[in-house]
Structure formats: structure tokens, C-alpha cells
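Student: My questions concern the predicted model and sequence given below.
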Amino acid sequence: MSEQSAERSAEPLWIAGAGGVGREALDTALAAGVPVAGFLDDRARGTTVRGLPVLAPAELPARARYLIGIADPGVRRRLAGLLDGLGGVPATLVHPRALIAPETELGPGCLVMGGAYVSSGVRLGAHSQVHYNATVGHDSVLGERVTVYPGGNVSGSVLLADDTTVGSNAVVLQGRTVGRAAFVGAAAVVTGDVAPGEVVIGSPARPMRRG
């Protein structure tokens with residue numbers, strides 16, 4: 001880590017989102033010894049959460065570090081655009097009990113919670129999240145704003161396109177592709193490729209009937 005990077009990592013972090021994932025991001029920061037300045041959340045603005053002040057996202061101080069603690073990829077995309085436009089700097093946060101193997105790249109704004117395992121040769125795009133006790137196999141590629149919920153298991157050489165979500169305890173078998181903005185339901189087992197925007201459930205996973 002460069003001297004400048006080390007100095008920046010010691011600067012307080014603002015967490016966008018004061019809900020469940022935001023507070024889990026705070027837990028991750030506390031475990032990692034990362035100071036947190038407060039939360040950014042329009043709905044809770046002017047209050048305190050876990051003793052920290054809550055500002056509106058538009059009030060992010062210039063050049064401040066931020067991390068988005070919200071699961072919804074669409075909201076993450078909107079907030080990242082807003083906060084980047086205000087001069088914010090996305091920071092990556094990794095729990096000390098998460099394992100990140102060699103030759104793995106984490107994009108800016110990624111969140112990796114305790115108990116997660118990210119294998120070697122993996123790429124996580126910007127603002128992606130790997131929740132607690134989830135695993136990502138070797139050589140997999142996660143696009144931007146991808147979410148792997150608690151206990152999710154992504155096998156090796158999988159492609160998760162931008163804005164995809166893998167539900168709690170779901171499994172994506174080796175070599176599969178999950179298209180952009182697709183959603184894999186909780187405990188589903190993905191044995192084939194998933195089309196963009198599709199919602200799949202069950203084992204083996206099938207598209208969910210609509211209407």
C-alpha cells in the first residue's frame with residue numbers, strides 16, 4: 001500500500017444506507033478498525049444510528065470516502081453516480097475474518113463480510129457485495145453492483161453480469177453465466193445459464209412464472 005493510500009484508508013468512512021446492510025457494513029468496518037464518520041440516508045436524515053449521525057447523501061463532504069451499504073443494485077447505481085459527482089471516493093471494505101485468495105481483484109466500493117471466501121483469480125466489479133459465509137470460486141468474474149447474499153455459493157469460472165443477485169444459500173454451478181440484472185432466488189441451484197433480467201427459483205432453477 002502506498003503512503004498516500006495508507007493515509008486515505010485512515011480517513012473516516014461514510015456509509016450510504018442506514019438499514020440492515022448498512023449496519024452490517026458498520027460492523028465490518030468496526031471489526032477491520034476502519035473509522036466511520038456516519039451514515040448517508042434520506043429517510044433517516046437528522047437522526048443517529050448506532051450513535052452515528054445521519055446526513056442526506058447530497059451532504060457528503062467533498063473528497064470523503066464512502067461505501068454503499070444497500071443490497072438493491074439499482075439503488076447502488078444511482079447513489080454511486082450521485083456520490084461520485086459530489087467528489088466522493090468509493091472505498092472497499094473487507095472483514096478481517098473474510099478470506100481473499102491471491103490474484104483476486106476487488107473493485108472500488110466492494111464490501112466483503114465476515115466468513116466469506118473469495119478464491120484465487122476472481123474479479124469483483126465496483127460496488128459488488130459478498131455477504132457473510134458466502135463463497136466465490138476460482139476465476140469467477142462478478143460485474144459491477146453484484147450481490148451474493150449470505151451463504152450463497154458461486155462455483156468456479158462463473159460469470160455474474162452487472163446488477164445480478166444470488167440469493168441466500170443459492171448455488172451457481174461451475175462455468176455458468178447469469179445475465180445482467182438477473183435474480184437467483186434463495187436456495188436455488190443454477191445448473192444452466194440464466195438470461196438477463198430473469199428471476200429463477202428452485203432446484204434445478206427455473207424461471208419464475210409471472211402474473
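Tutor: Done, it's in.
Student: In this structure, where is pLDDT below threshold?
Tutor: 1-10, 210-211 (pLDDT under 70).
Student: ok, now which ones touch Leu99?
Tutor: By CB atoms under 8 Å, 6 or more residues apart in numbering, the contact set of Leu99 is 116-118. For glycine as for every other residue, the C-beta is placed from the backbone atoms N, C-alpha and C.
Student: hang on, I meant Pro57
Tutor: 16, 40-42, 79, 82-83.
Student: quick check, nearest of the contacts of Leu99 to Thr92?
Tutor: Comparing the contacts of Leu99 against Thr92 with CB to CB places Val118 closest, at 11.9 Å.
Student: Pretty sure that closest one sits against Ser128.
Tutor: No. Using CB atoms under 8 Å, Val118 makes no contact with Ser128, being 10.2 Å away.
Student: picking that back up, by neighbour count, which of the contacts of Pro57 wins?
Tutor: Counting neighbours by other CB atoms under 10 Å, the top entry in the contacts of Pro57 is Leu40, with 30 neighbours.
Student: Thought Pro53 was touching it, still the case?
Tutor: No. Using CB under 8 Å, Leu40 is not in contact with Pro53; the gap is 10.0 Å.
Student: gap between the residue nearest to Asn169 when sequence neighbours are not counted and Ala58?
Tutor: For Asn169, ignoring the flanking residues on the chain, the nearest one in space by CB to CB, 6 or more residues apart in numbering is Gly151 at 4.2 Å. Distance from Gly151 to Ala58, counting by CB to CB, to the nearest Å: 35 Å.
Student: Between these two, which is the more surrounded one?
Tutor: Gly151 (19 against 12).
Student: residue contacts, that one?
Tutor: Gly151 touches 133-134, 168-169, counting by CB under 8 Å, 6+ apart.
Student: Val158: what's it in contact with?
Tutor: 136-137, 140-141, 172-178.
Student: Sort out for me which of those are in strands.
Tutor: 136, 141, 172, 177-178 (DSSP state E).
Student: Max pairwise distance over those: which two?
Tutor: Of all pairs in the ones in strands among the contacts of Val158, the most separated under CB to CB is Val136 and Thr177 at 14.7 Å.
Student: Show me which of those two is the more surrounded one.
Tutor: Counted by other CB under 10 Å, Val136 and Thr177 do not tie: Val136 has more neighbours, with 32 against 19.
Student: The most centrally placed residue in the chain and Val21, how far apart?
Tutor: Computing the C-alpha centroid of the chain and ranking residues by CA atoms, centre = their mean puts Gln129 first, at 1.7 Å. Separation of Gln129 from Val21 (CB to CB): 7 Å.
Student: Now for the two: what residues contact both?
Tutor: Common neighbours of Gln129 and Val21, using CB under 8 Å, 6+ apart, are 71, 111.
Student: Am I right that Phe183 is in contact with Ala205?
Tutor: No. Proximity of Phe183 to Ala205 does not meet the contact threshold set by CB under 8 Å, at 10.6 Å.
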